[in-house]
Structures are given as structure tokens and as C-alpha cells.
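>>> Show me how the following folds:
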Amino acid sequence: MNLVLWVFQVLLAVAFFAHGWLFLSPPPEIAEQMNASLPRWFQLFLGVAEVLAAVGLTLPGLTRILPWLVTWAAVGIMIVTVSATAFHV
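Residues are numbered from 1 along each chain as shown. Predicted coordinates for the structure are as follows:
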């Protein structure tokens, strides 16, 4: 069961890291199309939040330092996801 949890944690972390990195440095060909209704400062905030959440999902568990950060990273991801769902509906 522990292995399954780690696999899902790493997959979720990779997905959020990739999406956060896309917010931080979008390719020029899609930069104008990406969330044109969001100001750039908010895109940067979301990018940093998603990259930090990805790190927070994996690093504390691997190093066994401050393992409670995994819970807070998951809560942060939940807040971002629920907010994105409400924004896009």
C-alpha cells in the first residue's frame, strides 16, 4: 500500500510541477492564449504555488524532515484545484 501511495504522490507532483512550470515560463507560441483573463502576477503566484506544492508532496517524505508538510502541500493543491474548478465553470 505504501508503494501505491508513493506512486500516486509522485505522479501528482510531476503533473503539478509541469503545470506550475508552464505558468512560470510559458512557451512563446502559447503565452498569449494561456489564461488571457488572468493577470501575469496571478499566473506567477499560481506557478510558484504549484511548484512548491509538488516539492512539498515528495521532498519531506523522502528526507523524513518535517513530514507534516506533505499534508499542507496536499491541502494547498486541493485549494488550487477547487478554485480552478470554480473559475472555469
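
>>> quick one: low-confidence parts of this protein?
Scanning the chain for pLDDT under 70 picks out 35.

>>> where do the helices sit along it?
For the chain, the helices defined by DSSP state H cover 2-24, 28-31, 40-63, 69-88.

>>> Deepest-packed of those helices, please.
Among the helices of the chain, ranked by average contacts under mean count of other Cβ atoms under 10 Å, first place goes to helix 40-63 (a mean of 16). All C-beta spots, glycine's among them, are computed from the backbone N, C-alpha and C.

>>> and the angle for that helix with helix 2-24?
Counting by axes from the mean of the first three to the mean of the last three Cα atoms, to 10 degrees, helix 40-63 lies at 160 degrees to helix 2-24.

>>> What lies in contact with helix 40-63?
Helix 40-63 is touched from outside by 6, 9-10, 12-14, 16-17, 19-24, 34-35, 38, 66-70, 72-74, 76-77, 80, with contacts defined as Cβ atoms under 8 Å, 6 or more residues apart in numbering.

>>> likewise stretch 14-25?
Against stretch 14-25 from outside (Cβ under 8 Å, 6+ apart): 34, 43-44, 46-55, 57, 77.

>>> Of the residues you listed, which pair is most distant in space?
Met34 and Leu57 (23.6 Å; Cβ to Cβ).

>>> For Gly38, what are phi and psi?
In this structure residue 38 is Leu, not Gly. phi -100, psi 140 (degrees, to the nearest 10).

>>> and if you look at Pro26?
When read as degrees, to the nearest 10, the backbone of Pro26 gives phi -70, psi 140.

>>> what's the residue closest to the geometric middle of this structure?
The residue lying closest to the centre of the chain (Cα atoms, centre = their mean) is Glu50, at 2.5 Å.

>>> And that residue, how far from Val89?
Taking Cβ to Cβ, to the nearest Å as the measure, Glu50 falls 20 Å from Val89.

>>> what's the offset of stretch 69-84 from the middle of its chain?
In terms of Cα atoms, centre = their mean, to the nearest Å, the centre of stretch 69-84 is found 8 Å from the chain centre.

>>> Show me what that stretch is in contact with.
Identification of contacts with stretch 69-84 by Cβ under 8 Å, 6+ apart yields 9, 12, 16, 46, 49-50, 52-57, 59-61.

>>> Nothing else from me, thank you.
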